[in-house]
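1. kindly return the folded structure for what I paste below:
(2 chains)
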Amino acid sequence: MRNDQEKALIFEMSKPGRVAYNLPELDVPEVDVASLLPKHLIRETPAELPEVSELQLVRHYTELSRRNHGVDNGFYPLGSCTMKYNPKINEDIARYPGFAQTHPYQPEETVQGALELLYNLQEELAEITGMDSVTLQPAAGAAGEWTGLMMIRAYHESRGEGHRTKVIVPNSAHGTNPASAAVAGLETVTIPSDERGLVDIQALRDAVGSDTAALMLTNPNTLGLFEEDIVEMAQIVHEAGGLLYYDGANANAILGIARPGDMGFDVVHLNLHKTFTGPHGGGGPGAGPVGVKKILEPFLPKPIVAKNAEGMFYWDNDRPQSMGRVKGYNGNFGILVRAYSYIRTMGPEGLLQVSQNAVLNANYMMRRLATAYQLPYDRVCKHEFVLSGVLQKKLGVRTLDIAKRLLDFGYHPPTIYFPLIVDECMMIEPTETETKETLDEFIDVMLQIARECEENPEIVQEAPHTTVVKRLDEATAARKPVLRYQAQ
Amino acid sequence: MKYRYLPQTDQDKREMLETLGISSIEELFADIPEEVRSKGPIQIPEALSEPELVKYFTGLSNKNVNFSTHVNFLGAGVYQHYIPSTVNHMLLRGEFFTAYTPYQPEISQGELQAIFEYQTMVSELTGMEVANSSMYDGATSLAEAAMMASGQTGKKKVIVSRAVHPESRAVLKSYAYGQGVELVEVGINSEGVTDPAALEAIIDDSTAAVILQYPNFLGNVEDLATFEPIVHGNSALMVVSSNPLALGVLEAPGKLGADIVVGDMQPFGIPASFGGPHCGYFATTTKLMRKMPGRIVGQTKDENGKRGFVLTLQAREQHIRREKATSNICSNQALLALAASITLTALGKQGVQEMAMINLQKAHYAKQALQAKGLEIVYSAPSFNEFVVKLSKPVADVNKQLLNAGIIGGYDLGLDYPELAGHTLLAVTELRTKEEIDTLVQELEAITRA
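-> So this is what the prediction gives:
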């Protein structure tokens, strides 16, 4: 199909009578449906689903895939999302019948391999983060945040301190942090960052008090900077009676280097789809395990996997103070399998090198790009960094335009306009799995775009030029929503 | 040790350090206080080579009884169904599974269009006007529906049927506690369905929503038509959790008055996978769509007037609204939504009806066959592909013996319903042959008589 044509919807390719499935004939005596179900509960109008042949199906989804950019296609420096390589072997392993073809309600003795895997993953994630116990149940990072905050709430309530309802977050925090606090029934207090791009310590001192439930922090923060006052911050929060929550979205910077548990954090969530090669799946599934220190163990969601004296693995449901259940069944098991395969592939030395190389790549890019773009916080970064497009804005080119121009060169752009505290922000995370050649090519393109902003801004302002569609009218999409296909 | 995912050579590193004007990578970590630096390596097992890795995980996998080693009659919310081969081939295209949320629509039209098609299929199946791009699973989708109903109506009481999946109720309880919503359960009658009289006794105008499951956890089909006037008569919202495959033969909840329909798309192309990842679906009315949680894809046009798709109605979401968002959900289950979408395309209009019908017929046959051998089928209410059998022995013991006969037995209802100790919930899908069903019947007869 040519690039400039519209892609038909699967419904538009449909023709009555075509099929792309094959079920065995009914081998039991057929009974009249009217004798099995009351008339008014028998479906009258069938769902209008597509009717296509198997080859049509394959071509349709193949064509859709060709209109999509993934890490397999090219560089994807989407800050805070850790778009690293997703190993193929992990996809194979997750599909082994003993994993993919098992039922969550099978008796424990029939799923010892699956339970052993989960148990090992719990233990090893606890070691990696410096925590005492881990739940694997939360389905994603935001679910992990909510789970962690609910445990913090249960902890305070168990001590007769239910009035501790304030969650302090820096103004650089991910949007999920305040949203998760809200759905945990807690209130957000936002504190500013200082000129270093780090939490303003005085503001933190002023914010804590007898109503403090927790400080929620990403470290390195969303500017890619390590909160170097972390020990003092932990002390301030703990002395006020609050707990520390670690948003693990940026854990790719610190594996084997510094553990949240050793920094003073009481709760940690990890995004296995980011740091531990998930994959991202076009938006999910994720997995957001949460690690806690001893004081919070009683409140973990139930069940967790335990091991008895005979070495048998079992579901520990005997947890009277548990906050309850946060997801059906055993979490996103398939993603947990992939993450564990990755951990076993890398080992302790490999994980350390992951973070070292991620940080080296980010600093290298930051330094070279700072020759053409403003670097708002000029200090060593961790696995990611932010640039500002303010110099280009003066020339009439917005960061959005620069992002769109990158599409013409086959790149996924960085995260843009986040964190909110940097004007015309671009947040760039190269990850450790990219070659120096890829980084150099991307840098050259970014420098070329900076020159274009000066010499030929229209080419940037009107980008993209090579994609299957041009910029889309998002305002109309929101004002007059068309959320499904309707036959003409 | 060589790491195949780490491409930087010593020379690459030297050149990069030179550009940075430093002599070692260690200098890049100088901002981390010494007192929090790890003093030694992480204490986890050493790295495995690829062949060692395969051997290790094959070993773990082989320790698990599974659907390829045993004949499965376990359901209870997670089902073993036919998955066309095409599904996996398409899912494994890296353009899909290595992408993230389609923030840049110009290079994400494939994913966006696939989700738009998925939303259409969910709307069609449920008989609702709009659907979102997916939730974590059926349980969290149900909990989010209750929270949305509370937010929409400004009321804090939610009534949930005891015939709703126990894990969904457990997740709902956690969400409700978080947001200060009061939960009240309504009981099950002798027919194995929600008791309408009991509902009438507890519902009032402070009720935000009533949650029913269709078919319910015991496999029985709730008569939504009898509940609709009770729910709407008290200006509450009707939330229906539904097995989407059942909707191939059952009337769409949207046609029976549902305001929000949720559930899990797992029966369509998603492996049981020890409980996840599956795919929560969420559908509602146009009136309520701006309160819906999660990502939503909309159709629009590009600068040249060409059709295209974008993430839309984002003013509801956490990255814009922060603490005022309708939900904190960010990552969802997009890849599984794609799996469901491909499966619904493969099955299509005819296949979904045919597959649902085979489930209905085979489960009915199994019921009759068990009854003929003197086993007690507990409920007389209509059912879809699951039903309850009363056993003369503890379910765990019976299942142990079934396992020896190569069969994964049903769900022990006594775990969640004390009054149903000794009752098993059996699922019969299109994958069970007559021969397998007959074997189950013989085994159950022999075990319970012995």
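2. now stretch A:89-101: average pLDDT?
-> Averaged over stretch A:89-101, pLDDT sits at 98.
3. tell me how far the ends of that stretch are from each other?
-> Counting by Cα to Cα, to the nearest Å, you get 18 Å between the two ends of stretch A:89-101.
4. just stretch B:212-224 next, same as before
-> Start-to-end, stretch B:212-224 (Cα to Cα) is 8 Å.
5. do stretch A:48-59 as well
-> End-to-end distance for stretch A:48-59, by Cα to Cα: 21 Å.
6. would you mark the buried spots in it?
-> By neighbour count on 16 or more other Cβ atoms under 10 Å in any protein chain shown, the buried set for stretch A:48-59 is A:48-52, A:54, A:56-58. No exception for glycine: its C-beta is placed from N, CA and C like everyone else's.
7. again, but for stretch A:72-87
-> A:72-73, A:75-87.
8. number of nearby residues for residue 195?
-> Chain wasn't specified; assuming chain A. 8 (other Cβ atoms under 10 Å in any protein chain shown).
9. I was after chain B.
-> Summarising burial for B:Asp195: neighbours were counted as other Cβ under 10 Å, giving 17.
10. now do A:Gly144
-> By other Cβ under 10 Å, the residues close to A:Gly144 number 31.
11. picking up where we left off before, from the buried residues of stretch A:48-59, which land in helices?
-> Using DSSP state H, the members of these that fall within helices are A:54, A:56-58.
12. nearest to chain B, out of the buried residues of stretch A:72-87: which one, please.
-> Nearest to chain B among the buried residues of stretch A:72-87 is A:Asp72, at 2.9 Å by Cβ to the nearest Cβ.
13. confirm that closest one sits in a helix?
-> No: per DSSP: H, G, I helix; E, B strand; the rest coil, A:Asp72 lies outside any helix segment and is coil.
14. quick one, what contacts the closest residue to it other than its chain neighbours?
-> Leaving out its chain neighbours, the residue that sits closest to A:Asp72 by Cβ to Cβ, 6 or more residues apart in numbering or on different chains is B:Gly94, at 2.9 Å. Applying Cβ atoms under 8 Å, 6 or more residues apart in numbering or on different chains to B:Gly94 gives the contacts A:70-73, A:86.
15. show me the chain divided up by domain.
-> No chain was given, so I picked chain A. Taking automatic domain parsing as the reference, chain A has its domains at A:10-66, A:90-345, A:354-474.
16. wrong one, chain B
-> Chain B resolves into domains spanning B:10-57, B:71-82+B:348-449, B:85-343 when parsed by automatic domain parsing.
17. what strand or helix carries B:Lys173?
-> Following DSSP states H and E, the helix or strand that holds B:Lys173 is helix B:166-179.
18. can that helix be said to contact chain A?
-> Yes: applying Cβ under 8 Å from any Cβ of the partner chain, one finds helix B:166-179 touching chain A at B:167-168, B:170-171, B:173-175, B:177-179.
19. what's the most distant pair in the residues you listed?
-> Spanning the widest gap among these are B:Glu167 and B:Gln179, at 19.1 Å by Cβ to Cβ.
20. pretty sure A:Thr415 is touching A:Met426, no?
-> Yes: in this structure, A:Thr415 is within contact of A:Met426 by Cβ atoms under 8 Å, at 7.5 Å.
21. who are the packing partners of the helix or strand harbouring A:Phe99?
-> Using DSSP H and E, the element containing A:Phe99 is helix A:97-100. When contacts are defined as 3 or more Cβ pairs under 8 Å, 6 or more residues apart in numbering or on different chains; DSSP states H and E, helix A:97-100 packs onto helix A:112-129, helix A:333-369, helix B:50-62.
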